[in-house]
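Q: starting from these lines, generate the structure:
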Amino acid sequence: MNNKYNPALFWFAVLNAVATFLLIGLGGLVTSHEAGMSVPDWPTSYGYNMFALPIKFWTGGAFFEHTHRLLASVVGLLTTILAVWLWAKDARKWLTWLGIAAFLLVVAQGILGGLRVKWQLDWLGVPHGAVAQAFLVLTCALALFTSRWWHNSAAEKQIPVRIGLRGHVLAVTIIIFIQLLIAATMRHQHAGLAISDFPLAHGKIWPDTSPEAIARYNAQRVEINNANPITAFQVNLQMIHRLVAYFIFLGVAMAAILSRKRLGGGDFLTKLAFLWFGLLTLQILLGAATIWMNKAADIATGHVMVGALALLVGALWWLVAARRTALT
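A: Numbering: from 1, shown residues only. Modelled structure (predicted):
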């Protein structure tokens with residue numbers, strides 16, 4: 001074992017992280033196309049070994065669902081190899097345990113996905129989505145911890161980051177994770193758009209959620225792909241999602257301003273904070289477009305993927321800041 005930079009290990013960790021991000025995108029397509037139950041059995045696919053499913057079955061929603069299963073298997077294999085590699089070659093015990101945690105998390109994720117199919121329970125899609133986001137952050141953290149910068153940073157002069165700024169970024173990142181859980185809850189109720197206009201909501205700043213108003217909203221809907229009627233809970237949840245989005249946007253904007261003020265415009269963390277702000281701006285635009293375009297699958301999936309990136313950038317910012325501060 002050694003504690004030196006291993007480029008092969010680092011790039012393998014990056015490959016695993018990229019594959020995980022693509023898997024989240026593919027999972028978003030599965031939900032956006034209402035394809036979550038297109039393959040009715042698990043761990044087999046239409047009775048076949050999933051790795052030997054005849055091409056004639058790869059049509060419609062089954063294409064997205066089965067491709068998601070195959071990529072998930074690839075991510076599981078990559079994570080297993082990475083965990084073993086860290087255990088065998090890296091001297092940092094804490095990193096070895098993180099590799100084991102990633103392995104256990106990907107196993108849990110696979111089981112959650114399988115049980116959702118076997119038990120036909122849509123609500124399992126929410127913890128399935130939550131674990132996916134946590135797993136993405138963990139895989140990217142493993143890539144950071146195996147990077148050349150992490151290994152060499154102890155020998156370089158570091159600019160410490162005040163605890164107030166670090167705490168602010170951590171708090172906003174946690175709120176983003178909660179926001180993603182709210183979004184997953186909305187998506188897996190399969191009720192379509194609870195609010196069909198933006199920036200107003202059913203023509204008002206805060207929509208009426210009386211029984212009469214909800215009945216009127218359902219009668220006026222033009223969606224044809226979603227049969228479940230919307231409820232007052234879903235309308236209020238959508239409004240909470242919007243409010244939290246504005247709060248996150250302001251929090252990220254403040255993080256960018258504070259980073260520039262305290263670290264300088266040329267600092268890496270300042271640049272990362274402004275990238276974070278750009279992602280949040282894009283995320284709000286994609287959220288609006290999702291409503292304006294009646295949940296078009298590609299737009300809705302882009303909204304999911306940018307949300308995952310926003311969570312990831314916040315987490316990586318905090319990890320880099322904590323590392324720099326600890327070394328000063």
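Q: going by C-alpha atoms from here, please, whenever you check contacts or count neighbours.
A: Noted.
Q: where does pLDDT dip in the stretch 51-200 of the chain?
A: Scanning the stretch 51-200 of the chain with the threshold set as pLDDT under 70 gives 155, 190-192.
Q: this protein - how does it break down into domains?
A: With domains defined by automatic domain parsing, the chain comprises 1-156, 158-328.
Q: reformat those as a markdown table; add mean neighbour count.
A: Supplementary listing: the domains of the chain in a markdown table, determined by neighbours: other C-alpha atoms under 10 Å:
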| stretch | mean neighbour count |
| --- | --- |
| domain 1-156 | 18 |
| domain 158-328 | 17 |
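Q: all helices for the protein, in order.
A: Along the chain, the stretches classed as helices by DSSP state H are 7-32, 60-89, 93-119, 125-145, 148-152, 163-187, 211-220, 232-263, 268-292, 297-326.
Q: those: which one's closest to residue 43?
A: Ranking the helices of the chain by distance to residue 43, with C-alpha to C-alpha as the measure, places helix 93-119 first at 6.7 Å.
Q: redo the helices of the chain as a markdown table? Include distance to residue 198.
A: Shown next, in a markdown table, are the helices of the chain (distance: least, C-alpha to C-alpha, whole Å):
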| stretch | distance to residue 198 |
| --- | --- |
| helix 7-32 | 20 |
| helix 60-89 | 29 |
| helix 93-119 | 32 |
| helix 125-145 | 25 |
| helix 148-152 | 43 |
| helix 163-187 | 17 |
| helix 211-220 | 15 |
| helix 232-263 | 10 |
| helix 268-292 | 6 |
| helix 297-326 | 15 |
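Q: residue 197: which of these is closest?
A: Across the helices of the chain, residue 197 has its closest neighbour in helix 268-292 (6.4 Å, C-alpha to C-alpha).
Q: how many degrees apart are the closest one and helix 297-326 in direction?
A: Using axes from the mean of the first three to the mean of the last three C-alpha atoms, to 10 degrees, the inter-axis angle of helix 268-292 relative to helix 297-326 is 160 degrees.
Q: can you give me how far stretch 63-75 is from the chain middle?
A: Relative to the centre of its chain, stretch 63-75 is centred 17 Å away, using C-alpha atoms, centre = their mean, to the nearest Å.
Q: using CSV, list the CA coordinates for that stretch.
A: What follows is stretch 63-75 as a C-alpha-only set of coordinates in CSV (Å, rounded to 0.1, in the frame of the first residue of the first chain):
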residue,chain,number,x,y,z
PHE,A,63,-35.8,0.7,-24.0
PHE,A,64,-35.2,3.3,-21.4
GLU,A,65,-35.9,1.0,-18.4
HIS,A,66,-33.8,-1.8,-19.6
THR,A,67,-30.9,0.5,-20.6
HIS,A,68,-31.1,2.0,-17.2
ARG,A,69,-30.8,-1.5,-15.6
LEU,A,70,-27.7,-2.3,-17.8
LEU,A,71,-25.9,0.9,-17.0
ALA,A,72,-26.8,0.4,-13.3
SER,A,73,-25.1,-3.0,-13.5
VAL,A,74,-22.0,-1.3,-15.0
VAL,A,75,-21.9,1.3,-12.2
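Q: list of residues touching that stretch?
A: Applying C-alpha atoms under 8 Å, 6 or more residues apart in numbering, the contact partners of stretch 63-75 are 16, 19-20, 23, 26-27, 29-30, 35-39, 45, 50-51, 57-58, 110.
Q: for the residue nearest in space to the middle of the chain, give its distance to residue 287.
A: Taking C-alpha atoms, centre = their mean as the criterion, residue 308 is the residue nearest the geometric centre of the chain, at 3.1 Å. In this structure, residue 308 and residue 287 are separated by 14 Å, where distance is defined by C-alpha to C-alpha, to the nearest Å.
Q: wait, isn't residue 179 in contact with residue 243?
A: No: look at residue 179 against residue 243 with C-alpha atoms under 8 Å: they stay out of range, at 10.0 Å.
Q: confidence score at the residue of the chain positioned farthest from its centre?
A: Distance from the C-alpha centroid of the chain, by C-alpha atoms, centre = their mean, peaks at residue 212 (36.2 Å). According to the predicted model, the pLDDT of residue 212 comes to 92.
Q: what of the one 4 residues further on?
A: Residue 216 is assigned a predicted lDDT (pLDDT) of 90.
Q: residue 305 is in contact with residue 26, isn't it?
A: No: using C-alpha under 8 Å, residue 305 is not in contact with residue 26, being 9.4 Å away.
Q: residue 95: what's its closest spatial neighbour, skipping adjacent residues?
A: In space, not counting the residues next to it along the chain, residue 95 is nearest to residue 86; the distance is 7.2 Å by C-alpha to C-alpha, 6 or more residues apart in numbering.
Q: ok, the one you found touching residue 96?
A: Yes: counting by C-alpha under 8 Å, residue 86 does reach residue 96; the two are 5.4 Å apart.
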